[in-house]
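Chemist: fold the following.
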Amino acid sequence: MSDLAISIQDLHVSYYGNEAVKGVSLSIDTGNLVGIIGPNGAGKSTFLKSVLNLIPRDKGEVKVLGKSVKEVRKKIAYVPQRSDIDWDFPITVLDAVLIGTYPSLKLFQRPRKKEKEWAYECLKRVGMEDFSKRQIGELSGGQQQRVFLARALAQKAEVFFLDEPFVGVDVSSEETIVKILKELCAQGKTVMVVHHDLSKATSYFNQLILLNKELISYGSTSEVFQSSVIEKAYNGQFAFLNEMGV
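Modeler: Residues are numbered from 1 along each chain as shown. Below is the predicted model of the structure:
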């Protein structure tokens, strides 16, 4: 199998005639934990969703594990922003995680004992096994995010995409999530995360994608996280960046 996890060529995406992502091309090797950073309105979430075919592209080609997203959908796990999820949906924590096992089941096949045991194992990994019978809407933001990470783990995916997973979560949950993401990469999985807090970027990720509609920079965290590079994306916000230690 190729060492290339994600390949993106000349990606363009627009909303109502306005280009939100312009001509992005890059390739990501397997086993990397990649942060997508950039100012508000830079097109970070739009970029992620267009890579996954969740929103239409104007043009461009995306390959995941050397194939189209449609061909390898079962090997891709996606954790959306919490604001995109209906938390009033009547489902328990364990059942929410169990959904992650569905791609490996045959048509009309229901989860069996081994799928339920695996889902519980994934809940244990994120420290949420004691909440397995709770309604998903009863949880705190950090707990909800842990459950959705457990659902992604249950899928046994090769490539993970997370959209702003740390928004509205407590410090303990954030630390747990980062620890698991790093473990996944150590196992040869590839993880791409939309992230807004620059102060954590150097400790969380080994590679960074810096966007402001266009690709400003992509590479190792030490290469991208330089004041001269960051300033190109955050023009006018540089005093703030200096406070962040950039």
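Chemist: shaky segments in this protein?
Modeler: Along the chain, segments meeting pLDDT under 70 span 1-2, 102-112, 236-246.
Chemist: show me which helix runs longest in this structure.
Modeler: The single longest helix within the chain, with elements called by DSSP state H, is helix 171-186.
Chemist: what's around the residue lying closest to residue 79 once chain neighbours are set aside, how many residues?
Modeler: Excluding its sequence neighbours, the residue lying closest to residue 79 (CB to CB, 6 or more residues apart in numbering) is residue 162, at 4.4 Å. Any C-beta I mention is one placed from the backbone N, CA and C, and that applies to glycine too. Residues contacting residue 162 under the criterion other CB atoms under 10 Å number 24.
Chemist: how close does residue 162 get to residue 214?
Modeler: Going from residue 162 to residue 214 by CB to CB, to the nearest Å gives 23 Å.
Chemist: just checking, residue 174 touches residue 142?
Modeler: Yes - because the distance of 7.2 Å satisfies CB atoms under 8 Å, residue 174 is recorded as touching residue 142.
Chemist: wait, is the residue nearest to residue 79 part of a strand?
Modeler: Yes - according to DSSP: H, G, I helix; E, B strand; the rest coil, residue 162 belongs to a strand.
Chemist: quick one, what contacts it?
Modeler: Contact analysis of residue 162 by CB atoms under 8 Å, 6 or more residues apart in numbering lists 78, 79, 149, 152, 181, 191, 192, 193, 194.
Chemist: ditto for residue 121
Modeler: So residue 121 contacts nothing (CB under 8 Å, 6+ apart).
Chemist: surely it is within a helix?
Modeler: Yes - assigned with three-state DSSP, residue 121 falls within a helix.
Chemist: how far away is it from residue 132?
Modeler: 11 Å.
Chemist: what does residue 139 give?
Modeler: 11 Å.
Chemist: so what sits against both of the two?
Modeler: Common neighbours of residue 139 and residue 132 (CB under 8 Å, 6+ apart) are residue 93.
Chemist: ok, back up a step: and for the longest helix of the chain, what's in contact with it?
Modeler: 31-33, 125-127, 141-143, 145-146, 149, 153, 160, 162, 165-166, 169, 191, 193, 204, 206.
Chemist: show me where this protein has strands.
Modeler: 4-15, 18-29, 33-37, 59-64, 76-79, 159-163, 190-194, 207-212, 214-220 (DSSP state E).
Chemist: got the angle between the third one and strand 214-220?
Modeler: Between the direction of strand 33-37 and that of strand 214-220, the angle (axes from the mean of the first three to the mean of the last three CA atoms, to 10 degrees) works out to 150 degrees.
Chemist: related to what we said a few turns ago, tell me the bridge partners for the residue nearest to residue 79.
Modeler: With DSSP bridges applied, residue 162 shows beta-bridge pairing to residue 79, residue 193.
Chemist: okay then, goodbye and thanks.
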